[in-house]
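Colleague: Please find the sequence and the predicted model below.
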Amino acid sequence: MPSVDIPAYKDGDFLVNYEEKVFEDVKAKPGEKALITFHTIAFEGSIGLVNMLQAKRLLRKGFETKVLLYGPGVQLGVQRGFPTLGAEAFPGHMAVNNQLKAFIKEGGEVYACRFALQALYGQTEKALIEGIRPINPLDVMDLRLLMRREGALIIDTWTA
């Protein structure tokens, strides 16, 4: 039987070379835009959180960045908390909400489809995190078309 004779990992060890960066650090040129769409279920995987981090990164790189929540994605923009709205029941519980709030605070724009809010999830516009703009379901496609027309980088998230 083979033996493993390397020391056990310990806090502070490096397992990968995190300092090597292969590509240049791209910054937005003046007027460049980005749109990230979310048609994903909140808390069923990491894609909502990961792409919110991507949205913030694009914003910080200088892109005029918008987030579109539609279908089950609108659940990402609904206020949460326990025992009260805004209260974090445990560390990380409000990760997506906090990322959305930070994105908005840094100048990002977030839109949520009214059809999904009411027809699919029985929510009202008052349930949305402050700063999220509810939009007509017909605006979902028009936002995408406008962003395409303007040459925006569009990242689609579709898990459900």
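Modeller: Structure's in. What do you need? Keep in mind the model is a prediction, meaning the values are calculated, not measured. Residues are numbered from 1 along each chain as shown.
Colleague: OK, contacts around the residue nearest the centre of the chain?
Modeller: Geometric centre of the chain, nearest residue: residue 52, 2.1 Å, by CA atoms, centre = their mean. Contacts were defined as CB atoms under 8 Å, 6 or more residues apart in numbering; by that measure residue 52 touches 67, 76, 96, 99, 100, 103. (C-beta placed from N, C-alpha, C; glycine too.)
Colleague: can you confirm it is in a helix?
Modeller: Yes. With DSSP: H, G, I helix; E, B strand; the rest coil as the criterion, residue 52 is part of a helix.
Colleague: just to revisit the earlier point, so which of the contacts of residue 52 is the most crowded?
Modeller: residue 67 (31 neighbours; other CB atoms under 10 Å).
Colleague: and that one, which of the three is it?
Modeller: When states are read from three-state DSSP, the local structure at residue 67 comes out as strand.
Colleague: Could you give the bridge partners of it?
Modeller: Here residue 67 sits in beta bridges with residue 36, residue 110, going by DSSP bridges.
Colleague: if I look at it, how far off is residue 2?
Modeller: Separation of residue 67 from residue 2 (CB to CB, to the nearest Å) stands at 50 Å.
Colleague: again with residue 40
Modeller: As judged by CB to CB, residue 40 and residue 2 stand 43 Å apart.
Colleague: of those two, who's got more company?
Modeller: Ranked by neighbour count (other CB under 10 Å), residue 40 and residue 2 place residue 40 first, with 24 against 4.
Colleague: So that one is in contact with residue 159, correct?
Modeller: Yes. Here residue 40 reaches residue 159: they are 4.2 Å apart, a contact under CB atoms under 8 Å.
Colleague: Could you name every residue contacting both of these two?
Modeller: residue 47.
Colleague: just so I have it, where are all the strands in this structure?
Modeller: 33-39, 64-69, 109-113, 132-135, 153-158 (DSSP state E).
Colleague: What is the burial count for residue 151?
Modeller: By other CB under 10 Å, the residues close to residue 151 number 10.
Colleague: residues near residue 81, how many?
Modeller: Using other CB under 10 Å, residue 81 has 13 neighbouring residues.
Colleague: for it, what are its contacts?
Modeller: 87, 88, 89, 94.
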